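Peer 1: mind folding the following:
(2 chains)
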Amino acid sequence: GEDVEQSLFLSVREGDSSVINCTYTDSSSTYLYWYKQEPGAGLQLLTYIFSNMDMKQDQRLTVLLNKKDKHLSLRIADTQTGDSAIYFCALRRSGTYKYIFGTGTRLKVLA
Amino acid sequence: NAGVTQTPKFRVLKTGQSMTLLCAQDMNHEYMYWYRQDPGMGLRLIHYSVGEGTTAKGEVPDGYNVSRLKKQNFLLGLESAAPSQTSVYFCASSPSQDNEQYFGPGTRLTVT
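Peer 2: Sure thing, here's the model as predicted:
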């Protein structure tokens, strides 16, 4: 079946870059999302990329997609303490409602 | 716009009790969803609705029922709560099946 994997934890120092990784098995996904979940809150859509793109940049966020290796990453430049949260990758095929979520990566930013 | 709201925020139930979680959205979205989130796992879809008066099963529907009597509301019911239903429940909505979903803040449910 479809599987989306993420490492559970990442710790970085304030001001450094963070790279959160996601690997998946379903090559037919069209949309690949990154969501952020702060403590006690719901999921907030950060950014997404279409499967026909290799990279997308949005201010401090850079999304890289390697379709050959089925690998998605989210880079956060100049990481701040406010970036501490759980980050989920999620995949969806065009024309469907069905999301496949990763397990989430807890990012801890050290001052 | 409040977006997607959920009530209650927290609840503790005893095994065998029943309760209803309410989700409301003010974005006129057709699709609504209920997910559960468990430690170390991604969100799993319980039930969803493609419009007023419709409901359908998701990935983990057992032990839950839903109703969508009004377009803006999607209710999730637990008829006889079990400890395995201890989880954080998220509601989401989307304009159609081919759009990103907008999530509510979640309801933390503990069943003892």
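Peer 1: return the residues in contact with the closest residue to chain B within chain A.
Peer 2: When scored by Cβ to the nearest Cβ, chain A has A:F101 as its residue closest to chain B, at 3.0 Å. Yep, even glycine has a C-beta here, placed from its N, CA and C like the rest. Applying Cβ atoms under 8 Å, 6 or more residues apart in numbering or on different chains to A:F101 gives the contacts A:V4, A:F88, A:C89, A:A90, B:G42, B:L43, B:R44.
Peer 1: for A:G104, same thing?
Peer 2: Shown in contact with A:G104 (Cβ under 8 Å, 6+ apart): A:Q6, A:L8, A:Q37, A:I86, A:Y87, A:F88, B:G42.
Peer 1: near chain A, which residues of chain B?
Peer 2: Proximity of chain B to chain A is confined to B:4, B:31, B:33, B:40-45, B:48, B:50, B:90, B:92, B:94, B:97-98, B:100-106 under the rule Cβ under 8 Å from any Cβ of the partner chain.
Peer 1: ok, back up a step: what pLDDT does the residue of chain A closest to chain B get?
Peer 2: Note on A:F101: pLDDT of 91.
Peer 1: quick one, grab the pLDDT at the nearest residue to it once chain neighbours are set aside.
Peer 2: Nearest residue to A:F101, sequence neighbours excluded (Cβ to Cβ, 6 or more residues apart in numbering or on different chains): B:G42, at 3.0 Å. pLDDT recorded at B:G42 is 83.
Peer 1: repeat that for B:N1.
Peer 2: So B:N1 comes in at 68 (pLDDT).
Peer 1: A:G1 now?
Peer 2: Looking at A:G1, its pLDDT is 56.
Peer 1: what's around the residue in chain B positioned nearest to chain A, how many residues?
Peer 2: Nearest residue of chain B to chain A (Cβ to the nearest Cβ) works out as B:G42 at 3.0 Å. If you count neighbours by other Cβ atoms under 10 Å in any protein chain shown, B:G42 ends up with 20.
Peer 1: and if you look at A:K70?
Peer 2: Using other Cβ under 10 Å, the number of residues around A:K70 comes to 16.
Peer 1: A:V12 now?
Peer 2: A:V12: 17 neighbours (other Cβ under 10 Å).
Peer 1: go on, the one 4 residues further on?
Peer 2: Summarising burial for A:D16: neighbours were counted as other Cβ under 10 Å, giving 12.
Peer 1: thought it was touching A:T79?
Peer 2: Yes - here A:D16 reaches A:T79: they are 5.8 Å apart, a contact under Cβ atoms under 8 Å.
Peer 1: how about the residues of chain A near chain B?
Peer 2: So chain A meets chain B at A:4, A:8, A:31, A:33, A:35, A:40-45, A:48, A:88, A:90, A:94-104 (Cβ under 8 Å from any Cβ).
Peer 1: need the helix or strand of chain B with the lowest average pLDDT.
Peer 2: strand B:102-103 (a mean of 92; mean pLDDT, DSSP states H and E).
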